[in-house]
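[1] sequence first, predicted model second:
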Amino acid sequence: MDTLSLLLTTALIGGGFYWFICILGSAERKGKAAVNLSGGSIDDDKVQDNYNNYWSFFKTPKQIEKTEKVPAFVDTFYNLVTDIYEWGWGQSFHFSPALPGKSHLEATQIHEEMAVDLLNVKPGDKILDAGCGVGGPMRAIAAHSGASVVGITINEYQVNRATLHNKKAGLDKLCEVVCGNFLEMPFGDNTFDGAYSIEATCHAPKLEDVYAEIFRVLKPGGMYVSYEWVTTEFYDGENAEHVEIIQGIERGDALPGLRHYTDIAEVAKKVGFEVVKEKDLARPPAQPWWTRLKMGRIAYWRNHILVMILSFLGIAPKGTVDVHEMLFVTADYLTKGGEAKIFTPMHMILCRKPE
Ligand SMILES: C=C(CC[C@@H](C)[C@H]1CC[C@H]2C3=CC[C@H]4[C@H](C)[C@@H](O)CC[C@]4(C)[C@H]3CC[C@]12C)C(C)C
Ligand SMILES: C[S@@+](CC[C@H](N)C(=O)[O-])C[C@H]1O[C@@H](n2cnc3c(N)ncnc32)[C@H](O)[C@@H]1O
């Protein structure tokens, strides 16, 4: 081979490698790049141990021990998955019904804006985002409503990511992020004009505890809306296939136990809320929320190869391949749960704290 061909071949392979690793698979323009995948706040050499530790939670037999350990276990989970979520999904860690003619990003934003529209808040009001992730919904909601949003997440790495994104988006005046447990929030009674949680309270070992906290920090007359992960009326606890799907969803999403849809309003009333409206937003005519997961299957394989290469080269921490594989498997359980109609991630409940 002459020198020119050698140079051209090297440039082609190098360029292809750069494209495959640095560009491909980033969920949004300027989103998280594959070369920057990390274990969140966990040191690189501890990612594998933390992943193994995550699984030990599901082997613990005692319910009480489990309940106390849930926030720490959820924190570990988000250290492990936050970068992969941002890289492969975007800054909003939730589902939304597919909307014909709209992109995933647009459908996501519409789903988020719907939440704040239900709260009847006005510019200048202060609202709470319980379980805010890296703040995708918070930014959309602040920009749409003009209200200022305080988000809380148990995971410190997410606080840093969200704060960075808020600044970059020029929304740091309206959006604030606090690290803390939504089961005992560092806010005074009657602080917020409204509150919402998007696919987050499913991590609470007892829904009553988080709803009671939200009730406490809301001003009288304030509204609260939540998108809940629940099993539907089609779920049959005696059906082995159903049970396997639901347990698969719990294992891959750090859930201490999925609730049945009928539990939600019951708990809301128990802590003192008036239930204004309740609806599964996944019901027809809404288009399936799981099509985005299904369509991504080829991209997941490509991502998996990429993660394996990066781990092999020592660029991604050891253990990232296992975390990615866990998500891959979870995507399948979620899709099955949606197709079988036994599970929904968008059971909406709208509540009011009485005057
Ligand atoms: C509300 C929660 C999270 C919901 C979703 C945001 C995530 C649930 C499953 C995740 C994913 C599955 C497959 C991943 C894929 C293998 C990878 O290559 C790229 C990222 C995924 C698509 C990832 C993205 C986020 C989810 C869809 C729970 C935790 C309560
Ligand atoms: C699936 S993410 C959803 C994030 C955000 N609502 C969104 O839609 O992008 C769930 C969020 O709930 C938070 N969370 C779970 N348990 C928590 C707890 N006990 N206290 C505070 N935040 C918690 C997680 O840290 C994470 O940010």
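    Noted; the coordinates are in hand. Numbering: from 1, shown residues only. Ligands and ions are numbered 1, 2, ... in the order given.

[2] how close does the spatially most central residue of the chain get to Gly131?
    Nearest to the mean C-alpha position of the chain, by CA atoms, centre = their mean, lies Phe93 at 3.2 Å. Per CB to CB, to the nearest Å, Phe93 is found 9 Å from Gly131. (Each C-beta comes from the backbone N, C-alpha and C, glycine too.)

[3] now do the helices in the stretch 51-200 of the chain.
    Applying DSSP state H, counting those that start in this stretch to the stretch 51-200 of the chain gives helices spanning 63-88, 104-119, 136-145, 156-168.

[4] so which of the ones you listed gets nearest ligand 1?
    For ligand 1, the closest of the helices of the stretch 51-200 of the chain is helix 63-88, at 2.2 Å, according to CB to the nearest ligand atom.

[5] ok, Thr335 - contacts?
    The neighbours of Thr335, taking CB atoms under 8 Å, 6 or more residues apart in numbering as the test, are 290, 293-294.

[6] so it sits in a helix?
    Yes. Counting by DSSP: H, G, I helix; E, B strand; the rest coil, Thr335 is found in a helix.

[7] and the residue nearest to it when sequence neighbours are not counted, backbone torsions?
    Sequence neighbours aside, Trp290 is the residue nearest to Thr335 in space, at 4.7 Å (criterion: CB to CB, 6 or more residues apart in numbering). Dihedral pair for Trp290: phi -90, psi 0, per degrees, to the nearest 10.

[8] same check, this time on His260
    The phi/psi pair for His260 (degrees, to the nearest 10) reads phi -80, psi 150.

[9] which strand residues bridge the closest residue to it other than its chain neighbours?
    Spatially, and ignoring its direct neighbours in sequence, His260 is nearest to Thr231 (5.2 Å; CB to CB, 6+ apart). Following DSSP bridges, Thr231 is listed with bridge partners His260, Phe343.

[10] ok, now how distant is Thr231 from ligand 1?
    Computed as CB to the nearest ligand atom, to the nearest Å, the Thr231 to ligand 1 distance reads 14 Å.

[11] give the contact list for that residue.
    246, 258-261, 342-343.

[12] can you do 10 Å?
    Residues near Thr231 by CB atoms under 10 Å, 6 or more residues apart in numbering: 237, 242, 245-246, 249, 258-263, 337, 342-344, 347.

[13] of the residues you listed, closest to Ala140?
    Ala140 has its nearest neighbour among the contacts of Thr231 in His347, at 20.7 Å by CB to CB.

[14] pLDDT value on that closest one, please?
    What the model reports for His347 is a pLDDT of 98.

[15] show me what it bridges to in the sheet.
    Those that pair with His347 in a beta bridge, by DSSP bridges, are Glu228, Asp280.

[16] one step back: which of the contacts of Thr335 count as buried?
    Neighbour counting with 16 or more other CB atoms under 10 Å marks 290, 293 as buried within these.

[17] and Gly257, how far is that from Lys279?
    Distance of Gly257 to Lys279, given as CB to CB: 23 Å.

[18] ok, Thr153 next?
    26 Å.

[19] more neighbours, these two?
    The neighbour comparison of Thr153 against Lys279 (other CB atoms under 10 Å) goes to Thr153, with 28 against 11.

[20] ok, the more buried one - contacts?
    74-75, 78, 82, 129-135, 159, 161-162, 177-182, 200.

[21] just list whatever residues bridge to it.
    Thr153 has the following beta-bridge partners by DSSP bridges: Cys179.

[22] could you check how far Ser56 is from Asp2?
    Distance of Ser56 to Asp2, computed by CB to CB: 59 Å.

[23] shared neighbours of Phe93 and Gly131, anything?
    Common contact partners of Phe93 and Gly131 (CB under 10 Å, 6+ apart): 137, 158, 198-200.

[24] and ligand 1, which of those reach it?
    Contacts with ligand 1 within those, as defined by CB under 6 Å from any ligand atom: Glu199.

[25] reformat the shared contacts of Phe93 and Gly131 as JSON lines; add pLDDT.
    Shown next, in JSON lines, are those (pLDDT from 0 to 100):
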{"residue": "Pro137", "pLDDT": "98"}
{"residue": "Gln158", "pLDDT": "98"}
{"residue": "Ile198", "pLDDT": "98"}
{"residue": "Glu199", "pLDDT": "98"}
{"residue": "Ala200", "pLDDT": "98"}
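
[26] show me which of the shared contacts of Phe93 and Gly131 is closest to Asp332.
    Glu199 (18.5 Å).

[27] spell out which parts of the stretch 151-300 of the chain neighbour ligand 2.
    Going by CB under 6 Å from any ligand atom, the residues of the stretch 151-300 of the chain near ligand 2 are 152-155, 158, 181-183, 198-200, 203.

[28] would you turn these into JSON lines with distance to Lys32?
    Conversion of those to JSON lines gives the following (distance: CB to CB, whole Å):
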{"residue": "Ile152", "distance to Lys32": "22"}
{"residue": "Thr153", "distance to Lys32": "17"}
{"residue": "Ile154", "distance to Lys32": "20"}
{"residue": "Asn155", "distance to Lys32": "15"}
{"residue": "Gln158", "distance to Lys32": "13"}
{"residue": "Asn181", "distance to Lys32": "26"}
{"residue": "Phe182", "distance to Lys32": "25"}
{"residue": "Leu183", "distance to Lys32": "29"}
{"residue": "Ile198", "distance to Lys32": "20"}
{"residue": "Glu199", "distance to Lys32": "20"}
{"residue": "Ala200", "distance to Lys32": "20"}
{"residue": "His203", "distance to Lys32": "22"}
